[in-house]
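K.L.:
fold the following.
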Amino acid sequence: MIVLSGAGEELVSVLGSDGWSDYPLQFVGDGLLAAVRDEVAGAPDLARECRRRLEDRIWTGDRELAEALAAAVGDGPDPDLRELAVSLEELAEVLEGDPVHGGGRIDRQTGEVWPQSATDDLEFRGDEEEDEDDEDRWLYVESEGSRDGYRDMELFIADVEESDPAFAEELSRALGGRRPFRRFGDAVWRRPEQLTRWQWFSNDRHRGRARHWLAVEGITPTPPSSVIA
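P.N.:
Below is the predicted model of the structure:
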């Protein structure tokens with residue numbers, strides 16, 4: 001894992017020296033939004049290249065990030081979305097949680113993500129918010145389960161197959177048995193070089209889905225000060 005720092009000079013330097021490699025575009029795009037905002041030399045050209053790659057790939061959430069990059073460098077209109085400091089990682093965890101016991105809410109004022117478990121804990125202690133039913137204050141999130149996560153594993157196997165068919169076959173067997181998530185994870189953990197690749201792949205897809213969900217609700221995440229990938 002590396003830090004793609006929104007002290008944007010570091011990110012621009014990494015992309016300029018190492019090339020794009022397999023760096024996750026959702027993370028890179030957010031870092032470049034911050035770098036453009038901070039007027040880092042070279043950031044606009046890299047933002048345009050990231051936009052092109054996102055438009056070629058077009059995973060869920062890529063279109064929204066591509067439009068944000070285009071607007072940041074003056075190549076397109078500003079998306080009609082409200083900026084809010086929402087953690088895409090925290091939102092993704094809620095979205096892909098248990099549909100029965102999961103869910104949560106986002107504070108429309110601060111962007112803080114509250115999983116249902118945290119809300120339940122407050123209620124147990126008698127510290128719940130007085131305005132917990134105020135839809136002007138809270139944006140409620142329903143968990144959608146693990147279907148998208150399972151699809152991520154299938155797509156990763158397809159991505160690996162060309163370069164490492166034997167490992168792709170091992171991963172396919174893992175998905176065919178009981179507890180596929182655990183078996184898939186165990187197989188990847190035994191291959192450190194593939195583990196990093198899977199983490200970037202999976203996190204990038206989680207982040208894109210969370211970004212798309214926010215856009216449907218009229219929100220775009222505020223460019224962070226730093227991005228960890």
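
K.L.:
low-confidence stretches in this structure?
P.N.:
Applying pLDDT under 70 to the chain flags residues 1-7, 17-19, 21-22, 118-132, 224-229.

K.L.:
which one's the longest helix in it?
P.N.:
In the chain, assigned by DSSP state H, the helix with the most residues is helix 192-216.

K.L.:
for it, packing partners?
P.N.:
helix 25-37, helix 62-72, helix 88-95, helix 147-161, helix 180-189, strand 219-221 (3 or more C-beta pairs under 8 Å, 6 or more residues apart in numbering; DSSP states H and E). For every residue, glycine as well, the C-beta is placed using N, CA and C.

K.L.:
and Arg108, which of these is closest to it?
P.N.:
Nearest to Arg108 among the helices and strands packed on helix 192-216 is strand 219-221 (8.6 Å), distances taken as C-beta to C-beta.

K.L.:
what packs against that closest one?
P.N.:
Checked by 3+ C-beta pairs under 8 Å, 6+ apart, strand 219-221 has strand 82-84, helix 192-216 packed alongside it.

K.L.:
redo that, cut-off 10 Å
P.N.:
helix 25-37, helix 62-72, strand 82-84, helix 192-216 (3 or more C-beta pairs under 10 Å, 6 or more residues apart in numbering; DSSP states H and E).

K.L.:
hmm, who's touching that strand?
P.N.:
Residues from elsewhere that reach strand 219-221, judged by C-beta atoms under 10 Å, 6 or more residues apart in numbering: 30, 33, 64-65, 67-68, 71, 78-88, 91, 106, 108, 111, 139, 207, 210-211, 213-215.

K.L.:
for stretch 186-204, buried residues please.
P.N.:
Using 16 or more other C-beta atoms under 10 Å as the test for burial, stretch 186-204 gives Ala187, Val188, Arg191, Gln194, Arg197, Trp198, Trp200, Phe201, Ser202, Asn203, Asp204.

K.L.:
which residue packs closest to the spatially most central residue of the chain, ignoring adjacent ones?
P.N.:
Centre of the chain computed as the mean C-alpha position; nearest residue by C-alpha atoms, centre = their mean is Arg207, 1.1 Å away. Take Arg207 and drop its neighbours on the chain: the residue closest to it by C-beta to C-beta, 6 or more residues apart in numbering is Gln26, 4.2 Å away.
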